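In: build me a model:
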Amino acid sequence: MGKLNGKVAIVTASTRGIGYACVETLAQAGARVYMACRNLEVGNEKTAALNARGLDVKTVYFEAYDKESIINMIDTVAEQEGRIDILVNNFGGTSPLQDKTIFDTDYEAFARYVDAHFSTVFLASQRVLEKAMIAQKSGAIINIGSVAGLTPDTSQLAYGTSKAGIIHMSKMIAVHAAMYNVTCNVVCPGMTATEAVKNNLSPEFQEFFLKHTPIRRMGEPQEIADAVLYLADAGFTTGQVIAVHGGFGIPTPVYGDMLMMKNKR
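Out: Numbering: from 1, shown residues only. Coordinates of the predicted model:
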């Protein structure tokens, strides 16, 4: 018997990386999981492979830049299942070429990325409460943040601002939804070994970043999914931010450079 037997979950942006790990992990715990994705062909291939392993996974359409699709995603699952117990808002994305500093980021690009991040969390959370969780008097909303929302970066103005806003929004949702026995929490990954990281960050930058991480490696998508699994069934934990980042940002800001000094004092 899995700890999530009989539960229905949705994970957005979940055909790869952290999202896929969350789908697999929640399904292994017994939930029926909807892989919410833009490319249904890829989603159907992934769900077929998971089904072949005995996991209960389905697909539903989700496009972060299409607000109607976010609402329809919730409506579709609610109508098919009659309940939704877990919502994992996993979407996160930006362009390194457009999302830079206050000096060289175009406002239209900034607004587009911020709007996409905010709307995926706001609209999906609002709708899942209305369509399922309030009536059930139960549910868990888990939002995927980032260390970029905890600590200002030298670039990614829109991404960092979005993730910081999602952290605060999550705490607000936790307060508002508590009367219905619904929890809302955030998982903030550090640098994680996903395709996006490998394809967009040079090995030099990865090494530079990791030298400031006490646990000197990238996180694995499964390690983020494990935190999500805990929050999916943690009925007395709400409004919390769990940073899964190997200790990044905890020591002195010059931590990485000090380790390389022969005489540290």
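
In: for stretch 6-14, list the C-alpha coordinates in PDB.
Out: C-alpha atoms of stretch 6-14 as PDB (Å, rounded to 0.1, in the frame of the first residue of the first chain):
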ATOM      1  CA  GLY A   6      -6.500   6.800  -3.900                       C
ATOM      2  CA  LYS A   7      -5.100  10.300  -4.300                       C
ATOM      3  CA  VAL A   8      -5.200  12.300  -7.600                       C
ATOM      4  CA  ALA A   9      -2.300  14.600  -8.400                       C
ATOM      5  CA  ILE A  10      -1.400  17.000 -11.200                       C
ATOM      6  CA  VAL A  11       2.200  18.000 -11.900                       C
ATOM      7  CA  THR A  12       2.700  20.800 -14.400                       C
ATOM      8  CA  ALA A  13       5.600  21.100 -17.000                       C
ATOM      9  CA  SER A  14       6.500  17.500 -16.200                       C
END
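
In: what are the bridge partners for the spatially closest residue to residue 50 that is not a sequence neighbour, then?
Out: Nearest residue to residue 50, sequence neighbours excluded (C-beta to C-beta, 6 or more residues apart in numbering): residue 57, at 4.4 Å. Any C-beta I mention is one placed from the backbone N, CA and C, and that applies to glycine too. For residue 57, the residues forming beta bridges with it (DSSP bridges) are residue 33.

In: residues contacting residue 241?
Out: 145, 150, 167, 170, 185, 186, 188 (C-beta atoms under 8 Å, 6 or more residues apart in numbering).

In: between those residues, which has the most around it?
Out: residue 186 (29 neighbours; other C-beta atoms under 10 Å).

In: tell me the secondary structure of that one, please.
Out: Under DSSP: H, G, I helix; E, B strand; the rest coil, residue 186 falls in the strand class.

In: just checking the distance from stretch 170-184 to the centre of its chain.
Out: Its chain's C-alpha centre and that of stretch 170-184 lie 18 Å apart, by C-alpha atoms, centre = their mean, to the nearest Å.

In: contacts for that stretch, please.
Out: By C-beta under 8 Å, 6+ apart, stretch 170-184 touches 121, 125, 129, 133-134, 137-143, 145, 185-186, 231, 234-235, 237-239, 241.

In: now those: which count as buried?
Out: Those of the contacts of stretch 170-184 that meet the buried threshold are 121, 125, 129, 133-134, 138-143, 145, 185-186, 231, 238-239, by 16 or more other C-beta atoms under 10 Å.

In: restricted to strands, list these.
Out: The strands, defined by DSSP state E, take in 139, 140, 141, 142, 143, 185, 186 from the buried ones among the contacts of stretch 170-184.

In: show me the contacts for the third one.
Out: With contacts defined as C-beta under 8 Å, 6+ apart, the neighbours of residue 141 are 87, 89, 125, 128, 133, 170, 173, 177, 182, 183, 184, 185.

In: so what's it closest to, chain neighbours aside?
Out: According to C-beta to C-beta, 6+ apart, the nearest residue to residue 141 is residue 184 (4.3 Å).

In: residues near the one you found, how many?
Out: Neighbours around residue 184, by other C-beta under 10 Å: 28.

In: mind checking pLDDT for the residue nearest to residue 50?
Out: Residue 57 carries a pLDDT value of 98.

In: with the one 3 residues further on instead?
Out: The pLDDT attached to residue 60 in the predicted structure is 98.

In: which SS class is it?
Out: strand.

In: please apply the same query to residue 64.
Out: Counting by three-state DSSP, the three-state call for residue 64 is coil.
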